[in-house]
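Visitor: 3D model of this:
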Amino acid sequence: MEIKITRTTSPKQKPVPGQPLGFGRIFTDHMFVMNYTEGKGWHDARIVPYQNLSLAPSAMVFHYGQEMFEGLKAYKGEDGTVYLFRPDMNAKRTNNTNERLVIPQLPVEDFVEAVRAVVDVDRDWVPTDPGTSLYIRPFIIATDEFLGVAPSKTYLFIIILSPSGAYYESGLEPVGIWIEDEYVRAVKGGMGFAKTGGNYAASLIAQVKAHDDGYSQVLWLDGVERKYIEEVGSMNIMFKIAGKVVTPMLNGSILPGITRDSILTVCREWGYEVEERRISVDELVAAAKDGTLEEVWGTGTAAVVSPVNKLRYEDDVMLIGDGGIGELTQKLYDELTGIQWGKLEDKRGWRVTV
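Guide: This is a model prediction of the structure:
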């Protein structure tokens with residue numbers, strides 16, 4: 001893929017080491033842009049200065065939500081090498097989402113090349129403080145100026161970059177989770193497995209309710225029987241029950257997380273029995289009461305691993321272990337972050353050098 005590069009003539013001031021970065025509020029000097037036109041395909045790949053978009057008020061993305069996004073990170077090793085973590089998996093998930101939303105497929109190799117190219121241009125923006133990273137947000141939007149309900153004939157594929165702070169500023173911190181019994185996030189046959197904004201917009205009302213009651217995130221139940229565990233916030237969820245690692249199976253309404261896949265692979269290699277199956281909330285309550293619910297953690301790009309110390313369902317508050325970080329949870333976090341930052345040997349070929 002030929003990528004034209006136009007460098008900024010007005011570079012921004014980069015964050016200095018030790019500066020609080022937060023998440024998703026600081027953006028680098030450049031972005032990747034590529035057009036799609038029906039009959040022509042993807043074309044005009046370019047890296048340009050970060051800038052606002054000019055879209056017609058009738059652009060279809062504003063009216064029917066035909067859009068998708070991805071999320072991954074770049075990490076800087078102690079020797080200055082910049083790494084990506086399994087970007088080909090993000091590319092494949094992009095196409096799974098595109099298929100569901102009738103957005104044109106994007107060649108995996110082009111996705112990875114685009115990510116590597118724009119990160120390379122802005123490699124000096126990759127932060128170096130412990131736990132920090134460069135968050136990468138690829139997204140595709142429908143741009144046809146048309147109010148009919150139909151797939152767009154034109155699209156923009158864009159990648160923006162944001163230096164981000166450590167997810168846990170004061171170390172890995174267990175959180176409390178609210179098991180939602182009123183609203184649902186997704187149903188089988190819908191778009192629950194896709195990375196599209198509608199899934200996240202639908203989750204906001206329950207998140208507000210959980211936060212108002214002092215809980216960090218929402219654990220969703222299935223949309224049909226309203227009793228089987230699905231996702232937690234924007235993450236996958238895992239449980240250690242009587243020594244086994246148990247997680248909801250992918251059923252069409254659950255996001256196929258790349259961190260999820262990585263952790264399940266590691267657990268199996270370490271000799272843990274892993275079960276991907278339906279898990280009822282009643283099973284969780286029972287396991288909490290008899291002491292076999294040993295650890296709970298969420299998995300995702302932002303936090304990698306998010307330990308859980310309590311679950312609330314209706315009038316039951318389930319305390320997990322001693323309220324601290326589980327032994328396996330900590331070990332998994334150390335393993336994945338060690339690979340991502342180049343501190344551990346990459347035995348599985350997951351790390352990609354920029």
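
Visitor: and stretch 101-119, C-alpha only, in PDB?
Guide: Output in PDB follows, covering the C-alpha atoms of stretch 101-119 (Å, rounded to 0.1, in the frame of the first residue of the first chain):
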ATOM      1  CA  LEU A 101     -22.500  -3.400   9.500                       C
ATOM      2  CA  VAL A 102     -22.200  -3.800   5.700                       C
ATOM      3  CA  ILE A 103     -18.900  -1.800   5.600                       C
ATOM      4  CA  PRO A 104     -16.400  -2.800   3.000                       C
ATOM      5  CA  GLN A 105     -13.700  -5.300   4.100                       C
ATOM      6  CA  LEU A 106     -10.200  -3.900   4.800                       C
ATOM      7  CA  PRO A 107      -7.300  -6.100   3.900                       C
ATOM      8  CA  VAL A 108      -5.600  -7.300   7.100                       C
ATOM      9  CA  GLU A 109      -2.100  -6.400   5.800                       C
ATOM     10  CA  ASP A 110      -3.300  -2.800   4.900                       C
ATOM     11  CA  PHE A 111      -4.800  -2.300   8.400                       C
ATOM     12  CA  VAL A 112      -1.500  -3.400  10.100                       C
ATOM     13  CA  GLU A 113       0.600  -1.400   7.700                       C
ATOM     14  CA  ALA A 114      -1.500   1.800   8.300                       C
ATOM     15  CA  VAL A 115      -1.200   1.400  12.100                       C
ATOM     16  CA  ARG A 116       2.600   0.800  11.900                       C
ATOM     17  CA  ALA A 117       3.100   3.700   9.500                       C
ATOM     18  CA  VAL A 118       1.200   6.400  11.600                       C
ATOM     19  CA  VAL A 119       2.800   5.200  14.800                       C
END
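
Visitor: and it, average pLDDT?
Guide: Mean per-residue pLDDT for stretch 101-119: 98.

Visitor: go ahead and flag the most central residue of the protein.
Guide: For the chain, the residue nearest the mean C-alpha position is Thr301 (4.4 Å; C-alpha atoms, centre = their mean).

Visitor: I'd guessed that one sits against Lys73; true?
Guide: Yes. Thr301 is in contact with Lys73 according to C-beta atoms under 8 Å; the separation is 6.4 Å. To be clear about C-beta, it is placed using only N, CA and C from the backbone, and glycine gets the same treatment.

Visitor: now do the shared contacts for these two.
Guide: Contact with both Thr301 and Lys73 is made by no residue, according to C-beta atoms under 8 Å, 6 or more residues apart in numbering.

Visitor: any low-confidence regions in the chain?
Guide: 168-171 (pLDDT under 70).

Visitor: okay, now the domains of it?
Guide: Domains of the chain are assigned by automatic domain parsing as 4-164, 175-340.

Visitor: for the residue nearest to the centre of the chain, what are its contacts?
Guide: So Thr301 contacts 71-73, 258-259 (C-beta under 8 Å, 6+ apart).
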